[in-house]
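> Sequence and predicted structure below; questions after.
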Amino acid sequence: MAQTLNLGTMSFLSTGKKSMTRMSSVDPDKLKKANQIYSSLIAEKGDYRFTVPKLKLSNEASNVAYIDYESNEIVLETRAFDICEQLGDHFIAFILAHELTHYFEKHAWKNEFISRYSDLKIGVELKSVDDQIVNETQADFLGGFLCYSAGYQLTDQIDTVLKSLYKAYEVPDSVPNYPVLSDRVEMTKRSIANLKSFIEVFEMANYLTITGKYKEAMAYYQYILQRYQSHKIYNNIGLVSILTALREFTQKELVFEYPLELENEPIFDRTGETRRDSILKASIRYFDFALGMDPNYLPAKLNKAIAWTLLGELEKAAYFCEQEIMEVADTAQYAKTLYDAWVLNGIILAKKGKKDLAKGMFEKARQNGSQIAAINLERLKNPQATSQLSISRANTEDMVIQGMSLNKFANEPRYDDERIIQIGADYTFYQSQFDSLDYKIFFNNNDVTEIVNYFMVMKPHSTVKTKLNIGNGSSAKDLETAYGKPANRMETSKGTIWLYDQMFFNVNKEGNVIQWGSYLSKKLN
């Protein structure tokens, strides 16, 4: 028999009809593929504070997909799977992420509340409030962001999928308390449009981080966190806190380069505690939030160990490094984090005076392609060595694309009026991008100081190169030959960002440029 939908159920689509089930087994290949997509979404969400729903593939044909809170299952119907698979796996991901959002946002709470208190006035009043459309819109929006984070790029075909599903499921023109097709398409289009802006806020937060605008980056991450919780967001906020604290250290104290991994500046001054220690302890709390969502999220463990190292708690740091990371790291998923843990372990050993062991750790990481390990090997030999400075050729004028440079744009900035976002009380986020152009431009305005941070970023699939012939696909060797050693580096879980005076290049762990751009800060004219 078909499953009877209960009060603790949220469906992707309501047909107003009884479920019809084909009495046949589910194709194991379809189930395997659906589980692979679903697992990638769960891993990206990184929230294991509650038992994650199991995925079930069913031959039912009435709701496309639904989450059953009582059995703690997300059910995807094979008819919907077949329709979405023809158009692309990202649409399977979208439906599953939509249902996951219902779960994480607890959208079924009202139905359960009404059922328990139906004899009270509050239960009657809540029953008269229709929040179905609100829930569906939020599930599209946050589910879409989850898809993006997991690597599934949504397209303008979303209306094609909805039309195909409504037609295949013979949804009538009017279903009580549920949007008709035209409204659902328009709702979803608007959600996707808002989603794209939300995604850009996340990217902007990362650009601000790598270019040292930590106070601004914190505001952008906090904006996201108010709307979407993820272990990666908490990790990045903690990382920004550490980077802020590093400014309180002297050059003599910072002999080595720390492999921090990027994925309200919190200050809690206490008697007898330095400002930098206070900030570092605040960063540890953020990493703990991330690990509370996903205890196995190794980048947060690495960054937490770095915070302990900077606090002088070497034994705690060593334990995290050796037991929590190096002993359990999955080289397929966290190979880069494992190599960075070797680097940190080398720093800890060096601080303990065990230079031979430290050299072995650095060398081990260097042989696996770690450039920060190579830098620290030199620092181990010569603690007085300073960071290499970039050469002057890396500036915004080296990035003149389709007649536009960041200097030229900053003299007369233009932006999309419909995509302006207020970030907290002090910042405004602007965007200027068109499908026909190889680049996009973001800028953040400090509404108090009127200092503007501009970023011009090449799109991932662009073949355009700099004046010195560096672009997407260029090797790290060619990059260094053209521009010299970077002034700074920012490690990520998948590679390293090379930072020059006015340009940056994102280099993956295979040693190839996958994204690049320029940046500029100036006061409004």
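Thanks, I have it. Residues are numbered from 1 along each chain as shown.

> care to break this protein down by domain?
According to automatic domain parsing, the chain comprises the domains 9-192, 212-381, 396-523.

> Dump these to CSV, plus mean neighbour count, distance to Phe202 and mean pLDDT.
From N, CA and C alone the C-beta is placed, and that goes for glycine too. Formatted as CSV, the domains of the chain follow (neighbours: other CB atoms under 10 Å; distance: least, CB to CB, whole Å; pLDDT from 0 to 100):
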stretch, mean neighbour count, distance to Phe202, mean pLDDT
domain 9-192, 18, 8, 77
domain 212-381, 20, 6, 88
domain 396-523, 17, 11, 91
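
> Please identify the nearest residue in space to the residue nearest the centre of the chain, excluding sequence neighbours.
Nearest residue to the geometric centre of the chain (CA atoms, centre = their mean): Ser149, 5.2 Å. Closest residue in space to Ser149, ignoring its immediate chain neighbours: Glu44 at 4.9 Å, by CB to CB, 6 or more residues apart in numbering.

> How about Lys213?
Asn453 (5.7 Å).

> could you dump stretch 518-525 to PDB, C-alpha only?
C-alpha atoms of stretch 518-525 as PDB (Å, rounded to 0.1, in the frame of the first residue of the first chain):
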ATOM      1  CA  SER A 518      42.100  42.200  -9.200                       C
ATOM      2  CA  TYR A 519      41.100  44.300  -6.200                       C
ATOM      3  CA  LEU A 520      41.300  48.000  -5.200                       C
ATOM      4  CA  SER A 521      40.200  50.100  -2.300                       C
ATOM      5  CA  LYS A 522      39.600  53.900  -2.600                       C
ATOM      6  CA  LYS A 523      37.400  56.600  -1.200                       C
ATOM      7  CA  LEU A 524      34.300  57.700  -3.100                       C
ATOM      8  CA  ASN A 525      34.900  60.600  -5.400                       C
END
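
> distance between the longest strand that the chain contains and the chain's centre?
Ranked by residue count and defined by DSSP state E, the top strand of the chain is strand 513-523. Relative to the chain's own centre, strand 513-523 is displaced by 19 Å; criterion: CA atoms, centre = their mean, to the nearest Å.

> So which elements touch that strand?
helix 406-411, strand 451-458, strand 503-508 (3 or more CB pairs under 8 Å, 6 or more residues apart in numbering; DSSP states H and E).

> Check the gap between the residue nearest to Ser149 and Asp140 for me.
From Glu44 over to Asp140 the distance is 17 Å, taken as CB to CB, to the nearest Å.

> so who does Asn445 touch?
With contact set as CB atoms under 8 Å, 6 or more residues apart in numbering, Asn445 has these partners: 427-428, 430, 451-452, 524.

> how does it look with 6 Å?
428, 452 (CB atoms under 6 Å, 6 or more residues apart in numbering).

> if I've got this straight, it is in a strand?
Yes - the assignment for Asn445 is a strand, going by DSSP: H, G, I helix; E, B strand; the rest coil.

> mind listing the helices for the stretch 251-400 of the chain?
In the stretch 251-400 of the chain, the segments counted as helices under DSSP state H, counting those that start in this stretch are 275-293, 298-310, 314-319, 331-351, 355-366, 371-381.

> Which of the ones you listed sits closest to Ile325?
Comparing these by their distance to Ile325 (CB to CB), the top pick is helix 331-351, with 4.2 Å.

> so what does that closest one touch, helix or strand wise?
helix 298-310, helix 314-319, helix 355-366 (3 or more CB pairs under 6 Å, 6 or more residues apart in numbering; DSSP states H and E).

> mind checking which of the helices and strands packed on strand 513-523 is nearest Leu246?
strand 503-508 (18.6 Å).

> Serialize the helices of the stretch 251-400 of the chain to CSV and add fields for distance to Ala482.
Putting the helices of the stretch 251-400 of the chain into CSV (distance: least, CB to CB, whole Å) gives the following:
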stretch, distance to Ala482
helix 275-293, 35
helix 298-310, 30
helix 314-319, 37
helix 331-351, 24
helix 355-366, 23
helix 371-381, 16
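
> closest to Ile37 out of these?
Proximity of the helices of the stretch 251-400 of the chain to Ile37 was assessed by CB to CB; the nearest stretch is helix 331-351, lying at 16.6 Å.

> Show residues contacting that closest one.
The contact list for helix 331-351 (CB under 6 Å, 6+ apart) reads 256, 259, 298-299, 302, 305, 314, 317-318, 321, 325-326, 329, 357-358, 361-362, 364-365, 368, 370, 372-373, 493, 509.

> The longest helix seen in the chain - contacts with which helices or strands?
Longest helix of the chain, by residue count under DSSP state H: helix 181-210. The contact analysis (3+ CB pairs under 6 Å, 6+ apart) places helix 181-210 against helix 132-149, helix 158-168, helix 214-225.

> Among the ones you listed, single out whichever gets nearest to Leu57.
Leu57 sits nearest to helix 158-168 of all the helices and strands packed on helix 181-210, at 16.3 Å, using CB to CB.

> you'd agree Val64 is up against Ala80?
Yes - between Val64 and Ala80 there is a contact at 4.2 Å, judged by CB atoms under 6 Å.

> got a list of what Asp29 touches?
Counting by CB under 6 Å, 6+ apart, Asp29 touches no other residue.

> can you confirm it is in a helix?
Yes - assessed by three-state DSSP, Asp29 belongs to a helix.

> one step back: out of the helices of the stretch 251-400 of the chain, which comes closest to Leu243?
That would be helix 275-293 among the helices of the stretch 251-400 of the chain, by CB to CB, at 9.0 Å.

> Is the closest residue to Glu203 other than its chain neighbours in a helix, a strand, or coil?
Using CB to CB, 6+ apart and skipping residues adjacent in sequence, the residue nearest Glu203 is Phe442, 7.3 Å away. The three-state label for Phe442, taken from three-state DSSP, comes out as strand.

> Surely Phe442 touches Tyr454?
No - checked against CB under 6 Å, the pair Phe442 and Tyr454 is beyond contact range at 7.7 Å.

> Tabulate the CA atom coordinates of stretch 323-337 in PDB.
Taking Å, rounded to 0.1, in the frame of the first residue of the first chain, the C-alpha atoms of stretch 323-337 are listed here in PDB:
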ATOM      1  CA  GLN A 323      45.100  12.500  17.000                       C
ATOM      2  CA  GLU A 324      42.100  14.400  15.600                       C
ATOM      3  CA  ILE A 325      43.600  15.100  12.100                       C
ATOM      4  CA  MET A 326      46.600  13.100  11.100                       C
ATOM      5  CA  GLU A 327      45.300   9.800  12.500                       C
ATOM      6  CA  VAL A 328      41.900  10.100  10.800                       C
ATOM      7  CA  ALA A 329      42.300  12.200   7.700                       C
ATOM      8  CA  ASP A 330      40.700  10.700   4.600                       C
ATOM      9  CA  THR A 331      43.300  11.500   1.900                       C
ATOM     10  CA  ALA A 332      40.600  11.400  -0.800                       C
ATOM     11  CA  GLN A 333      38.500  14.100   0.800                       C
ATOM     12  CA  TYR A 334      40.900  15.900   3.000                       C
ATOM     13  CA  ALA A 335      44.300  15.400   1.400                       C
ATOM     14  CA  LYS A 336      45.100  19.100   1.500                       C
ATOM     15  CA  THR A 337      44.100  19.400   5.200                       C
END
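
> That concludes my questions; thank you for your assistance.
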